[in-house]
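>>> Predicted model and sequence follow; I will ask about them next.
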Amino acid sequence: MRNLIQFLLRSSNFLIFMILEVVAFILICTCNEYQHSAVLSSANRIAAGTNSFKTSIEEYFYLRSENAILAEENARLKSELMMLANNNEVALERDSQYVYSHLDWDYIPAKVIDLSTHKQHNYLTINKGSRDGVAIDMGVIGADGVVGIVSAVGEKYALVIPIIHTKISISSRLKSNGQLGGTAWDGRDYRYVNMIEISRHVDVHAGDTVVTSGLTDVFPEGIMVGVITETELGKGDNYHHTIVELNTDYKSLKYVQVLGNKNAKMTDEIGKNDGLE
């Protein structure tokens with residue numbers, strides 16, 4: 001305490017000078033319109049800069065939640081778009097002999113929290129489970145196309161087998177001519193799969209697009225799989241050896257959507273009844 005008093009006594013002249021300077025500055029700013037306006041303008045610029053910096057920091061930390069909200073909105077819009085397409089298709093073909101419409105699908109947005117690409121049996125984990133409506137054998141897609149199929153489900157999480165798994169095959173077709181086949185991985189490069197069972201008489205070219213066939217309850221028709229980069233046919237071969245570059249980049253995969261077929265139970269029951277007959 002004594003040291004503080006001595007310091008104040010030694011610095012009394014300087015402190016009085018500073019106090020008078022502050023008082024003079026306040027009087028100048030309040031009594032003169034130009035100085036008052038200049039001070040306010042400077043203060044506003046400083047406050048604006050501070051708020052801008054604060055907003056940038058907040059936006060950075062809230063970026064993840066914003067991405068999740070965008071994923072939810074994207075899934076909702078896709079569901080509405082599918083419903084609208086179904087209604088239009090039925091209306092257009094109502095008077096024809098053969099009426100076909102896509103099944104209704106639910107889109108459940110999810111985030112990828114773990115994945116592998118360097119193994120023979122790769123898996124990825126998503127942050128949605130049974131409480132969110134996810135079930136085994138549901139299809140999973142990303143922004144660029146097919147991802148895989150749900151293989152195991154917990155309450156909060158689910159395990160997905162991607163196309164880059166040596167024990168999975170996706171029912172596919174060539175977009176150019178509708179030829180059916182399957183896409184399977186040979187365990188080598190995670191960027192490429194093979195399209196199998198394409199007969200030698202079928203016209204196949206590099207650059208052809210491969211999409212889902214829609215013949216199963218896992219994926220609707222027309223979901224992007226990839227593009228053919230190479231095709232070979234030997235003299236004694238019955239099938240083309242076709243390489244497809246996947247449209248989905250698993251290395252950058254962050255958000256996916258789980259597909260729920262609303263009419264899956266109905267089609268299963270029809271299949272069982274046909275089998276009994």
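Arrived safely, thanks for sending.
>>> make it CA atoms for all contacts and neighbour counts henceforth
OK.
>>> Poorly predicted segments of the stretch 151-277 of the chain, please.
When residues are selected by pLDDT under 70, those of the stretch 151-277 of the chain lie in 264-277.
>>> Spell out, range by range, the helices that occur in it.
With helices called from DSSP state H, counting those that start in this stretch, the stretch 151-277 of the chain shows them at 264-276.
>>> wait, what's in contact with Gly182?
169-173, 195-197 (CA atoms under 8 Å, 6 or more residues apart in numbering).
>>> Just the residues you listed: which are in strands?
169-173, 195-196 (DSSP state E).
>>> now the contacts of Gly182 in a markdown table, with neighbour count and distance to Val210?
A markdown table is the format used below for these (neighbours: other CA atoms under 10 Å; distance: CA to CA, whole Å):
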| residue | neighbour count | distance to Val210 |
| --- | --- | --- |
| Ser169 | 21 | 13 |
| Ile170 | 23 | 11 |
| Ser171 | 20 | 10 |
| Ser172 | 26 | 7 |
| Arg173 | 25 | 6 |
| Met195 | 27 | 9 |
| Ile196 | 19 | 12 |
| Glu197 | 16 | 13 |
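>>> Tell me where the model's unsure across the stretch 1-150 of the chain.
Checking the stretch 1-150 of the chain against pLDDT under 70 turns up 1, 4, 7-8, 25, 27-104.
>>> 80 - rerun?
Counting by pLDDT under 80, the ranges of the stretch 1-150 of the chain that qualify are 1-18, 20-104.
>>> Now the contacts of Gly182 in JSON lines, please, with extra columns for distance to Gln257.
Below are the contacts of Gly182 laid out as JSON lines (distance: CA to CA, whole Å):
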{"residue": "Ser169", "distance to Gln257": "19"}
{"residue": "Ile170", "distance to Gln257": "17"}
{"residue": "Ser171", "distance to Gln257": "19"}
{"residue": "Ser172", "distance to Gln257": "19"}
{"residue": "Arg173", "distance to Gln257": "22"}
{"residue": "Met195", "distance to Gln257": "24"}
{"residue": "Ile196", "distance to Gln257": "26"}
{"residue": "Glu197", "distance to Gln257": "29"}
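>>> Good, we can wrap up now.
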